[in-house]
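Peer 1: Predicted model follows, preceded by the sequence.
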Amino acid sequence: MTDGWRARAGTSFACEKRPATGTRGMVVTNHPLASAAGAEMLAAGGNAVDAAIASFFTLTVVEPMMVGILGGGMAHIRLSDGTHRVIDGQAYAPAAATPDLYRPVSDKLPNYLDTEGRQNAVGPRAVCVPGNLMAWCETLARFGTMPLADVMEPAIRHASRGFRTTPYLWECASDAAPDLALDPGIAALFLPGGLPITAGSRLVMGDYAETLRTIAKEGPGTVYGGALGRIIADHFARAGGILSMADLAGYATIERQPVRGTYRGFEVIGPPPPSSGGVHIVQMLNILEGFDIGAKGFGSADTLHLLAEVLKIAFADRKVATADPAFTPVPVDRLIDKDYAAERRGRIDMARSQVWGPGVVPSESANTTHLTVADGAGNVVASTQTINSLFGARFVIPGTGIIPNNYMYLFDPHPGFTQSIAPGKRVTSSMSPLIVLKDGKPAFALGLPGGLRIFGSAMQAVVNLVDHGMALQEAVEAPRLWTQGGPVEVEDAVPEAVRAELAARGHEVAAMPHVAGGMNAIAFGEDGTLTGAACWRADGTPIGVAGGLARAKVRFWPDRPKS
């Protein structure tokens, strides 16, 4: 990659973090202790899957507001033999969930998803059947090399002895404080003395450490039908929830075929429905392929206008077409077809913003985490996991330390629509764990949290790397925009003059401190060097592992001091 994109750029920026390099492996997560847990597995001789699962269990401790064992997610794995596996561990609606489970307060935005008493967002009736624990343990057993107890050891260590909280955790606890105060268990952890836990204080999660020890000894069956599952189900029964023991015992992951597309000689591979990420990233790139994006310049008015238009096109189609394929046929082939992209591209007016309707006929939350891991043998993991909102359903299951998801908030509380509630229906997300190939070999892998903004941000990173020739660190930190058809949110780093030009074309422009969450990525060098990068929008940290098994060493590059 070169620095030549700056000569054509309409927006310039400076990176706030530094990349890391390694040859035996690379781990990039949104917390340094989680990255260290993964690097520990690689240094001990484990593979990328071992490292990823160790990192995720650790994230449930050090980033508890974002991810948990009772959450859900998507894992995109490329094995050393070149095959790609997408493991769907998404949560789904309990058997007792019906389309009229809640009473919606409005049929219009911005309160369309809200219900009376916020029952679909906070408390026991907001919880879907969780998939994370099952998916992580199955993935480890199928593709990893280390025992479950070994990869869980760092998480247990940090939960039992405590860790220093970050300013990010303090900020999240402050944002959620009114709801956290309603539950004594979660308040004791994150609102000690009635105030949000301060940055730098030590947080010990003793009950959760015991829960993790039980899982390490007994496996996921203790939750999905066993003794720990009975504790969980009994609590929901007492508290008026709808998650049952039968729901837990009946959970199953699904292995899905990834979505594949091409963009200027690269192969882009991502997750299929019920994730909308892979489908709509390929769709948007197909449309952009008809324009010389590199020549228009990064962050120019022309480039940002095109990005906004393709995002609006994708969201118009997503609204009517992307859902759980077990309940709604999803026209994937049509959405990723290059002829369809040409039809939509032909309607774009470079001078004016447009209102876009769907071009196909039908037959979420920003509080998530993502990691990207690779080893020297060619195994790659890009995985996005969540408990949905900050601190999920915002309570702790007594005696366990577990914070459950509030995934029911992602369903449409109004009956009769594509995203309406149905028993067993998996939630639709924008998760976009991408692996991009060049000449059949991995070129880069990336992903991020950010709810609805995920797939648009991932698409922009691909454009940054392919069209603008950015270095990996630049690509993940570059200013972004987002829209789903209304206001166009543009990060503050985009110059006011460029924003004014967008407004002159009819866009309703809103300047924002940041769009979506902390992206992390790995680039694969032809010489076998792995480069890891994490952006300024979260606590992301890349750690590279270099050297032979007998003399493995960890390379950690701290953030560049801010001037």
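Peer 2: Yep, it's here.
Peer 1: Quick one: end-to-end length of stretch 101-115, please.
Peer 2: 10 Å (C-alpha to C-alpha, to the nearest Å).
Peer 1: mind listing what's buried in it?
Peer 2: 101-102, 104, 113-115 (16 or more other C-beta atoms under 10 Å). (Each C-beta comes from the backbone N, C-alpha and C, glycine too.)
Peer 1: contact partners of that stretch?
Peer 2: The contact list for stretch 101-115 (C-beta atoms under 8 Å, 6 or more residues apart in numbering) reads 116, 119-121, 125, 242, 408-409, 412-414, 421.
Peer 1: Now the residues you listed in TSV, please, with extra columns for distance to Ala377 and secondary structure.
Peer 2: Output for the contacts of stretch 101-115, formatted as TSV (distance: C-beta to C-beta, whole Å; DSSP: H, G, I helix; E, B strand; the rest coil):
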residue	distance to Ala377	secondary structure
Glu116	53	helix
Gln119	48	coil
Asn120	44	coil
Ala121	43	coil
Arg125	45	helix
Ile242	44	coil
Met408	40	helix
Tyr409	40	helix
Asp412	44	strand
Pro413	47	coil
His414	49	coil
Ile421	43	coil
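Peer 1: Give me the ChimeraX select line for these, limited to the buried ones.
Peer 2: In ChimeraX syntax, the buried subset of these is picked out as below (16+ other C-beta under 10 Å):
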select :119,120,121,125,242,408,409,412,413,414,421
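Peer 1: ok, the contacts of stretch 101-115 vs Pro178, which is closest?
Peer 2: Nearest to Pro178, judged by C-beta to C-beta, of the contacts of stretch 101-115 is Ala121 at 12.5 Å.
Peer 1: And the closest one, how close does it get to Val515?
Peer 2: Separation of Ala121 from Val515 (C-beta to C-beta, to the nearest Å) stands at 23 Å.
Peer 1: farthest-separated two in the buried residues of stretch 101-115?
Peer 2: Farthest pair in the buried residues of stretch 101-115 (C-beta to C-beta) is Leu101 and Asp114. Separation: 13.9 Å.
Peer 1: ok so, going back, ok, the buried residues of stretch 101-115 vs Thr214, which is closest?
Peer 2: Using C-beta to C-beta, the buried residues of stretch 101-115 come closest to Thr214 at Leu101, 31.5 Å.
Peer 1: Show me the helices in the stretch 201-350 of the chain, by range?
Peer 2: For the stretch 201-350 of the chain, the helices defined by DSSP state H, counting those that start in this stretch cover 206-218, 227-239, 245-249, 277-288, 293-296, 301-321, 332-335, 338-345.
Peer 1: Mind listing what's buried along the first one?
Peer 2: Residues of helix 206-218 classed as buried under the neighbour-count rule (16+ other C-beta under 10 Å) are 207-216.
Peer 1: Using a markdown table, lay out these together with distance to Met519 and pLDDT.
Peer 2: A markdown table is the format used below for the buried residues of helix 206-218 (distance: C-beta to C-beta, whole Å; pLDDT from 0 to 100):
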| residue | distance to Met519 | pLDDT |
| --- | --- | --- |
| Asp207 | 33 | 98 |
| Tyr208 | 28 | 98 |
| Ala209 | 31 | 98 |
| Glu210 | 34 | 98 |
| Thr211 | 31 | 98 |
| Leu212 | 28 | 98 |
| Arg213 | 33 | 98 |
| Thr214 | 34 | 98 |
| Ile215 | 30 | 98 |
| Ala216 | 31 | 98 |
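Peer 1: Let's have those in CSV, adding distance to Ala9.
Peer 2: Shown next, in CSV, are these (distance: C-beta to C-beta, whole Å):
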residue, distance to Ala9
Asp207, 51
Tyr208, 46
Ala209, 49
Glu210, 53
Thr211, 49
Leu212, 47
Arg213, 52
Thr214, 53
Ile215, 49
Ala216, 50
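Peer 1: so where's the stretch 1-150 of the chain shaky on pLDDT?
Peer 2: Within the stretch 1-150 of the chain, the stretches with pLDDT under 70 are 1-2.
Peer 1: all helices in it, in order from the N-terminus.
Peer 2: Using DSSP H, counting those that start in this stretch, helices in the stretch 1-150 of the chain cover 5-8, 32-43, 48-62, 132-143, 148-161.
Peer 1: what residues does the second one touch?
Peer 2: By C-beta under 8 Å, 6+ apart, the surrounding residues in contact with helix 32-43 are 24-25, 27-29, 48, 50-52, 54-59, 62-63, 146, 150-151, 154-155, 158, 163, 371, 373, 375, 539, 541-545, 552-554, 556.
Peer 1: Also the first one?
Peer 2: Outside helix 5-8, the residues within contact range by C-beta under 8 Å, 6+ apart are 12, 294-298, 300, 468-470.
Peer 1: Any idea how far it is from the middle of the chain?
Peer 2: Distance, stretch centre to chain centre, for helix 5-8: 30 Å (C-alpha atoms, centre = their mean, to the nearest Å).
Peer 1: buried ones in stretch 28-45?
Peer 2: 28-44.
Peer 1: returning to that earlier point: among the helices of the stretch 1-150 of the chain, show me which one is buried the most.
Peer 2: helix 48-62 (a mean of 30; mean count of other C-beta atoms under 10 Å).
Peer 1: Can you tell me who Val373 pairs with across the strands?
Peer 2: Counting by DSSP bridges, Val373 forms beta bridges with Val27, Val381.
Peer 1: Run through the residues that contact it.
Peer 2: By C-beta under 8 Å, 6+ apart, the neighbours of Val373 are 25-28, 38, 48, 51-52, 55, 380-381, 522.
Peer 1: Can I get the residues you listed in a markdown table including distance to Arg85?
Peer 2: Below are these laid out as a markdown table (distance: C-beta to C-beta, whole Å):
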| residue | distance to Arg85 |
| --- | --- |
| Gly25 | 19 |
| Met26 | 20 |
| Val27 | 19 |
| Val28 | 20 |
| Gly38 | 19 |
| Ala48 | 12 |
| Ala51 | 16 |
| Ala52 | 13 |
| Ser55 | 18 |
| Val380 | 11 |
| Val381 | 10 |
| Ile522 | 18 |
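Peer 1: returning to that earlier point: out of the helices of the stretch 1-150 of the chain, nearest to Phe266?
Peer 2: helix 5-8 (17.0 Å).
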